[in-house]
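Engineer: The sequence isn't on hand, but the structure is:
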């Protein structure tokens, strides 16, 4: 099953190039801020699944081209990210990198991104206006947690996964010789976590470690790998993270990026594609105004 959000955060089941509006069957949909209806939907699965299927039977198809796709998680408790999780990526940034050769999430743990950085495919990416800094693309498989868990052993970890999505981890790179900002600062600008184009439920992807992962900038392939190349696989990541914090339904894990990261600029077009998950294209633009603390 594919779950998407569109227009004013309406919920749809996706089949081919059509969306079927099932918002009325989603518990808590339409409530005022915060928009936690997707967490409720995920937390109340599989009973909610039956209600969605019933709503789908009564819905009429809406062409993908007629809607604006939003982030399939408009709000979440946590975005948890795995650093240095593909061996060939470690060291490719030279003096712009912060991870020593040989290290991975297994050694240095994880970091958090601001949840306000989430956007959907049709929202696009917004870079700080007037910045001379370098901003890089990073293509990643996103893991959406399905049920609450703490101290989850690796053998049971995938039972806690609700589904998967495509994720781009936009990053402001370090400047050699300048103070090194912490990862959450460099990765938490609004729009720096595009997620989508939908969530594919875990039953459609029994093994997340066999998926091709590719990214293009302006039609040129920049990153290409398979999730089999992860240093720390999805199950071990869940074990590692849950050994520190309690995972909740709707939490998003960004599982790391392969080699080939590089800069993007206003006017660029970025396409990400994860096998069995989907593909999305985002336009890069500059913010309308300069921030009070410019970057």
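Structural biologist: Received it, and whenever you're ready, just let me know what you need. All of these numbers come straight from a predicted model, not from anything done at the bench. Numbers count the residues shown, from 1 in each chain.
Engineer: Please count neighbours and contacts with C-alpha atoms only from this point.
Structural biologist: Noted.
Engineer: Report the contact partners of residue 288.
Structural biologist: Contacts for residue 288 (Cα atoms under 8 Å, 6 or more residues apart in numbering) come out as residue 129.
Engineer: Tell me the backbone dihedrals of it, please.
Structural biologist: When quoted as degrees, to the nearest 10, the phi and psi of residue 288 stand at phi -70, psi -30.
Engineer: Now do the contacts for the spatially most central residue of the chain.
Structural biologist: The centroid of the chain falls nearest to residue 167 when counting by Cα atoms, centre = their mean (3.1 Å). By Cα under 8 Å, 6+ apart, the residues touching residue 167 are 139, 140, 141, 142, 193, 194, 195, 196, 254, 272.
Engineer: Correct me if wrong: the fifth one contacts residue 171.
Structural biologist: Spelled out, that is residue 193. No: in this structure residue 193 lies outside contact range of residue 171 using Cα atoms under 8 Å: 9.4 Å.
Engineer: give me the element residue 221 is part of.
Structural biologist: strand 220-226 (DSSP states H and E).
Engineer: average model confidence for the following helix or strand past that strand?
Structural biologist: Next in sequence after strand 220-226, counting helices and strands by DSSP H and E, comes helix 234-242. If you average the pLDDT over helix 234-242, you get 98.
Engineer: If you count contacts, what does the next helix or strand after helix 234-242 end up packed against?
Structural biologist: For helix 234-242, the succeeding helix or strand toward the C-terminus, using DSSP H and E, is strand 252-254. Using 3 or more Cα pairs under 8 Å, 6 or more residues apart in numbering; DSSP states H and E, the elements in contact with strand 252-254 are strand 79-81, strand 139-145.
Engineer: Residue 51 is nearest to which of the ones you listed?
Structural biologist: Closest to residue 51 of the helices and strands packed on strand 252-254 is strand 139-145 (Cα to Cα; 20.5 Å).
Engineer: quick one: contacts for residue 34?
Structural biologist: Counting by Cα under 8 Å, 6+ apart, residue 34 has contacts residue 75.
Engineer: Helix or strand for it, just tell me which one.
Structural biologist: Assigned by DSSP H and E, residue 34 belongs to neither a helix nor a strand.
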